[in-house]
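*Asks:* return atomic coordinates for the entry below.
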Amino acid sequence: MDNQRGGRRWDQNQDLIGQGLAKIASGLSGSFPTSSSFSRSALNLYVGARTGWATLVSVAIVVLALLLFTPVLRYVPQAVLAAIIVAATVGLLKPREFARLWRISRVETATSAVTFAITLLTAPRLYWGVIAGLVMGLSHFLYQRLHPRIIEAGLHPDGSLRDRHLWQLPPLAPRLYALRMDAGLDFATANALERAIVEHLAAHPDVQHVCLFAQPINRIDATGVEVFMQLEASLQVRGIILHISGIKLPVETVLRKAGALTESPLLCLYRTDADTLAALGKLGQAWPAVRAAAQAG
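*Replies:* This is a model prediction of the structure:
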């Protein structure tokens, strides 16, 4: 069942938060524990409910049924009552979504399948399925954070910067290592960036320029600042010029407060990728003069 009808979105998370807060309030106030059902909200949406009054009306009907119609309803087969719930929630089961999800992400497909299987096997203790899905989802998230996408950039014929090795592109300039990290520079990703640069320099000792296309980096923390300053100092000791392209203001502000972007012949900042590419195109002619000025400084 679609969670959007009549142009209005049904926020399942808000529904569950409200139920949880009601249970906490009942425990703190000494009242009877509250009980609600996720399928009740789904049923309201299914029959065309538009406002919160639908929930109050359904609660009033339940109270009246308990007080007045219990002797009549006791003879209604449970299969009939179950059919009401099934009719409201059957739309949530979409077997074709597994095939579509498999084409999008096999990891998420495995997470969904395991969560579904554990939910069925542990019923009515559904929380085990929720916990399993949560643990698997968080594990995948942490793995992605610890292994950010870092590419060596090359200039594609369409004018965009892409993975040089994937698209078989030439280097942007001789003796240059140009890289881009598609993630924030924080405690989870800083080591990956440092490892990428250090390993490349070890394998290519002739590198004289390192260019970081920093536009995808939208945040930085204390660990990121520390690693950045260590890399900057290491490159300066080796006489390697660090070029930074498109650094965002929040990241630049933090680095300047930490004293990591002080003026130096071995540090070049560019606002746009176009400025960076124009400057990198002149490295072959400018390198001897720049290196002599850096050594003299």
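*Asks:* three-state assignment of Thr111?
*Replies:* helix (DSSP: H, G, I helix; E, B strand; the rest coil).
*Asks:* can you pull the contacts of it?
*Replies:* With contact taken as CB atoms under 8 Å, 6 or more residues apart in numbering, Thr111 is in contact with 133, 136-137, 140. (Glycine included, C-beta is placed from N, CA and C.)
*Asks:* ok, now how distant is it from Trp128?
*Replies:* 15 Å (CB to CB, to the nearest Å).
*Asks:* how many residues are close by Gly129?
*Replies:* 19 (other CB atoms under 10 Å).
*Asks:* that's a helix at it, yeah?
*Replies:* Yes: Gly129 forms part of a helix when assessed by three-state DSSP.
*Asks:* which residue sits closest to it in space, ignoring its chain neighbours?
*Replies:* Excluding its sequence neighbours, the residue lying closest to Gly129 (CB to CB, 6 or more residues apart in numbering) is Thr119, at 3.0 Å.
*Asks:* and if you look at His147?
*Replies:* Ala192 (6.6 Å).
*Asks:* cool, Pro148 as well?
*Replies:* Counting by CB to CB, 6+ apart, the residue nearest Pro148 is Ala183, at 3.6 Å.
*Asks:* so where's the stretch 151-297 of the chain shaky on pLDDT?
*Replies:* 284-297 (pLDDT under 70).
*Asks:* which stretches in it count as helices?
*Replies:* For the stretch 151-297 of the chain, applying DSSP state H, counting those that start in this stretch gives helices covering 190-203, 222-237, 249-257, 273-280, 283-296.
*Asks:* give me the angle between the first one and helix 222-237.
*Replies:* For helix 190-203 and helix 222-237, the angle between their directions (axes from the mean of the first three to the mean of the last three CA atoms, to 10 degrees) works out to 20 degrees.
*Asks:* so which bits of helix 190-203 are buried?
*Replies:* Residues 190, 192-193, 196-197, 201 are the ones in helix 190-203 that count as buried (16 or more other CB atoms under 10 Å).
*Asks:* pLDDT at the residue located most distally from the centre of the chain, what is it?
*Replies:* Note on the chain: the largest C-alpha distance from the chain mean falls to Pro71, namely 53.3 Å (CA atoms, centre = their mean). With respect to pLDDT, Pro71 scores 82.
*Asks:* now swap in Gly48 and tell me
*Replies:* 75.
*Asks:* tell me the secondary structure for it?
*Replies:* coil.
*Asks:* give me the neighbour count for it.
*Replies:* Neighbours around Gly48, by other CB under 10 Å: 9.
*Asks:* could you measure from it over to Ala22?
*Replies:* 25 Å.
*Asks:* and for Ile220?
*Replies:* 41 Å.
*Asks:* can you pull out the strands in the protein?
*Replies:* 4-5, 8-9, 150-155, 161-163, 176-181, 209-213, 241-245, 267-270 (DSSP state E).
*Asks:* using a markdown table, lay out these together with mean neighbour count and distance to Phe98.
*Replies:* Compiled in a markdown table, these are given as follows (neighbours: other CB atoms under 10 Å; distance: least, CB to CB, whole Å):
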| stretch | mean neighbour count | distance to Phe98 |
| --- | --- | --- |
| strand 4-5 | 12 | 22 |
| strand 8-9 | 10 | 24 |
| strand 150-155 | 20 | 31 |
| strand 161-163 | 18 | 31 |
| strand 176-181 | 21 | 33 |
| strand 209-213 | 23 | 38 |
| strand 241-245 | 22 | 42 |
| strand 267-270 | 18 | 46 |
